[in-house]
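S.K.: Following is a predicted model, sequence given first.
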Amino acid sequence: MKFQKYLLISILALCFSQTGLADSIRISQVDSRNLLLQQQVTLYLSVTNDRGIPLTELKQGNFKIQESPDGKNYKPVDEILHFQSGISQVDGVNFLLLIDNSESMYWTLEGKKTNKESQRRITIAKKAVTSFLRSITNPGDQVGIAAYNSYYTLLSKPSNEIAEVERLLSGISRPAGDEIYTELYASLNLAIEEFDITKGRKAVIILSDGVDNPVYNHTKQPNSQFDSRVTSYKKPLELLQLEGISLYVIYFGAKSDKKDRHLKTIARQSGGVTFDAHNQAQLNRVYASIMNQIQKEYVLTYKATMDAADRKNVKVSYQKSGKQKSVSRYYVSSSVFGVPSSSFHPVLLIVVLVAGLLLWLLSKFKFEKQRPQPSLEVLNAGAGKLSTQILTLGGEETIIGSSPKADMTIAGLPSVEENHATIVFDPEKEKYLLKGEATMMVNNQSVTTKVLEPGDLINIDGATIVFDEGAEKD
């Protein structure tokens, strides 16, 4: 009787499993850097079963790709140019590990204060990250590490010097004074920018034991790194989508801990995954699972459609055993030609190549210092109107925006905010720091914060401004 009962349950389970596809598919990264010159887009696809284990036996025929300029009307792509199962040893993966170093990370897993280092969350986290670092065997993989609390501290950009990264990890120390809070979204924003010139597969892995908790909300004093701004979760999400890369979130701590709900949204919409870990063993498994999923992704390069759109939607359909699942994601395409085209004429290719070369030279060109004082000079106002052609940087802060009270006013551009960007002088380093709520283009790279160098080109919605450091000091 028991045997018949178990048999019936097994048959029902088998039948239930055949009614739908329990596997999941994600577009974990969209790489469109070859779109302009080669009309190519590369997708990184993660396909896992209901336990999160990657499926590795799939072939090119299991996937179909479509594109749409409006998210409604999709058309199949003409050709899949390249298909690869797993990240190659040559390409590798670029990881950036972002570690919570707020005060609560020095409590026990149950959320109690302790003097025993072995019981602290940060100690458990360091052990798990060390295990992750030591599991890396692919010579093409690179790992960077950063810590965050009230401030963001980059310890190492992505590097294959794993031993050095491990040494820097061990040196993370307890915060003090106003460092104890959590600038979660602002720090995540800066972490994403570390990938500004990195090619290939890129992933940010953030460990958090709480929620966004900016220092300004408690002290009402400007943060020396983020001022009095409270960064919205939409900022890092926008940047992740612009760069086409993914965020992996690890909620670490007690089950009863309050979790930042927006992190899950950022992870999902960027093609990443959210995990929970409540002890050492679970945290070790989470890091290992993230590594395994990324390493076993499928890489597809296809010829993009020529429909004109600033943002294009790409849909990938995955078929198996007669069942199908689809997933979509958009990428920034910024139409080059302005109108759809069914063919790519050689003359247009020459025009694009020349334009690309000139743009590259312009971004690399360092203008000769001709002015005695640090200044901003407008090279091209675009569609806007600027209040001055040359602005000397004399004060501690210089504001660029649409407000008439700004030091440099940009009028006629609806997307420019009242205080769009601020240039702050650091007297200790004798450097100027450009900061903005929204992303800006500096030397053709998307940033929200950058230490300015002589000849840097700042582009704010078509208005091009060059930074001049002034005459060199004796």
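M.R.: Looks like it arrived, so ask away.

S.K.: When you work out contacts or count neighbours from here on, use the C-alpha atoms and nothing else.
M.R.: OK.

S.K.: Just say helix, strand or coil for residue 285.
M.R.: helix (DSSP: H, G, I helix; E, B strand; the rest coil).

S.K.: what does the one 5 residues further on give?
M.R.: The three-state label given to residue 290 by three-state DSSP is helix.

S.K.: Buried residues, stretch 447-459. List them.
M.R.: Buried residues in stretch 447-459, defined by neighbour count with 16 or more other C-alpha atoms under 10 Å: 447-450, 452, 454-459.

S.K.: and residue 164, that one's in a strand?
M.R.: No - according to three-state DSSP, residue 164 belongs to no strand; its state is helix.

S.K.: any idea of the pLDDT on it?
M.R.: Listed pLDDT for residue 164 reads 95.

S.K.: just residue 24 next, same as before
M.R.: At residue 24, the pLDDT value in this model is 89.

S.K.: these two touch, right, it and residue 48?
M.R.: Yes - judged on C-alpha atoms under 8 Å, residue 24 makes contact with residue 48 at a distance of 5.5 Å.

S.K.: rewinding a little: take the buried residues of stretch 447-459 and keep only those in strands.
M.R.: 447-450, 457-459 (DSSP state E).

S.K.: who's in contact with the longest strand anywhere in the chain?
M.R.: Ranked by number of residues, the top strand in the chain under DSSP E is strand 431-442. Strand 431-442 has contacts (C-alpha atoms under 8 Å, 6 or more residues apart in numbering) with 231, 235, 239, 420-426, 446-452, 456-460.

S.K.: Also stretch 234-248?
M.R.: Stretch 234-248 has contacts (C-alpha under 8 Å, 6+ apart) with 28-31, 185-186, 188-189, 192, 201-206, 266-267, 269-275, 290, 330-332, 437-439.

S.K.: try 6 Å this time
M.R.: 28-30, 189, 203-205, 266-267, 270-274 (C-alpha atoms under 6 Å, 6 or more residues apart in numbering).

S.K.: Pull out the buried residues from these.
M.R.: If you count burial by 16+ other C-alpha under 10 Å, the buried members of the contacts of stretch 234-248 come out as 28-30, 189, 203-205, 266-267, 270-274.

S.K.: Looking at these, which are in strands?
M.R.: Under the assignment DSSP E, those contribute 28-30, 203-205, 274 to strands.

S.K.: Which residue ranges make up the domains of this protein?
M.R.: 22-86+298-332, 93-295, 367-468 (automatic domain parsing).

S.K.: between those domains, which has the poorest average model confidence?
M.R.: Sorting those by mean pLDDT places domain 367-468 lowest, at a mean of 83.

S.K.: want to throw the contacts of stretch 234-248 into JSON lines with distance to residue 398?
M.R.: Converted to JSON lines, the contacts of stretch 234-248 look like this (distance: C-alpha to C-alpha, whole Å):
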{"residue": "28", "distance to residue 398": "39"}
{"residue": "29", "distance to residue 398": "37"}
{"residue": "30", "distance to residue 398": "36"}
{"residue": "189", "distance to residue 398": "22"}
{"residue": "203", "distance to residue 398": "34"}
{"residue": "204", "distance to residue 398": "32"}
{"residue": "205", "distance to residue 398": "35"}
{"residue": "266", "distance to residue 398": "32"}
{"residue": "267", "distance to residue 398": "35"}
{"residue": "270", "distance to residue 398": "34"}
{"residue": "271", "distance to residue 398": "37"}
{"residue": "272", "distance to residue 398": "38"}
{"residue": "273", "distance to residue 398": "40"}
{"residue": "274", "distance to residue 398": "40"}
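
S.K.: Tell me the one of the residues you listed nearest residue 259?
M.R.: Relative to residue 259, the closest of the contacts of stretch 234-248 is residue 274; by C-alpha to C-alpha it sits at 11.3 Å.

S.K.: Tell me how many other residues crowd residue 219.
M.R.: Residues lying near residue 219 (other C-alpha atoms under 10 Å) number 10.

S.K.: for the buried ones among the contacts of stretch 234-248, which one is nearest residue 250?
M.R.: The closest of the buried ones among the contacts of stretch 234-248, once distances to residue 250 are taken by C-alpha to C-alpha, is residue 274, at 6.0 Å.

S.K.: tell me the contacts of the closest one?
M.R.: Counting by C-alpha under 6 Å, 6+ apart, residue 274 touches 248-249.

S.K.: Quickly list what it is bridged to.
M.R.: residue 249 (DSSP bridges).

S.K.: Report how many residues lie close to residue 198.
M.R.: Count around residue 198 with other C-alpha under 10 Å applied: 11.

S.K.: just to revisit the earlier point, out of the buried residues of stretch 447-459, flag the one nearest to residue 308.
M.R.: Distances from residue 308 to the buried residues of stretch 447-459, taken as C-alpha to C-alpha, are shortest for residue 459 (23.0 Å).

S.K.: mind checking how far the closest one is from residue 311?
M.R.: 20 Å (C-alpha to C-alpha, to the nearest Å).

S.K.: Over to residue 206?
M.R.: Applying C-alpha to C-alpha to residue 206 and residue 311 gives a distance of 27 Å.

S.K.: ok, those two, which is more surrounded?
M.R.: Comparing residue 206 with residue 311 by other C-alpha under 10 Å, the one with more neighbours is residue 206, at 24 against 17.

S.K.: Am I right that that one is in contact with residue 252?
M.R.: No - counting by C-alpha atoms under 6 Å, no contact exists between residue 206 and residue 252, whose distance comes to 10.2 Å.

S.K.: With adjacent residues omitted, what lies nearest to residue 108?
M.R.: Of all residues not flanking residue 108 in the chain, residue 120 sits nearest, at 4.8 Å (C-alpha to C-alpha, 6 or more residues apart in numbering).

S.K.: show me what contacts the one you found?
M.R.: Residues near residue 120 by C-alpha under 6 Å, 6+ apart: 106-108.

S.K.: Looking at the buried residues of stretch 447-459, which is nearest residue 393?
M.R.: Nearest to residue 393 among those: residue 452, at 12.5 Å, using C-alpha to C-alpha.

S.K.: Which element, helix or strand, includes residue 158?
M.R.: Under DSSP states H and E, the secondary-structure element containing residue 158 is strand 152-159.

S.K.: those helices in the stretch 51-200 of the chain, which residues are they?
M.R.: In the stretch 51-200 of the chain, the helices defined using DSSP state H, counting those that start in this stretch lie at 121-134, 162-170, 184-193.

S.K.: who's residue 316 bridged to?
M.R.: residue 65, residue 327.

S.K.: To what extent is it buried, counted in neighbours?
M.R.: Residues lying near residue 316 (other C-alpha under 10 Å) number 21.

S.K.: Verify the stated contact: it with residue 65.
M.R.: Yes - judged on C-alpha under 6 Å, residue 316 makes contact with residue 65 at a distance of 4.7 Å.

S.K.: Please name the strands paired to the longest strand of the chain in the sheet, noting orientation.
M.R.: strand 421-426 (antiparallel), strand 445-451 (antiparallel), strand 457-460 (antiparallel).

S.K.: Next, format those as a markdown table and append distance to residue 469.
M.R.: Output for these, formatted as a markdown table (distance: least, C-alpha to C-alpha, whole Å):
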| stretch | distance to residue 469 |
| --- | --- |
| strand 421-426 | 11 |
| strand 445-451 | 12 |
| strand 457-460 | 12 |
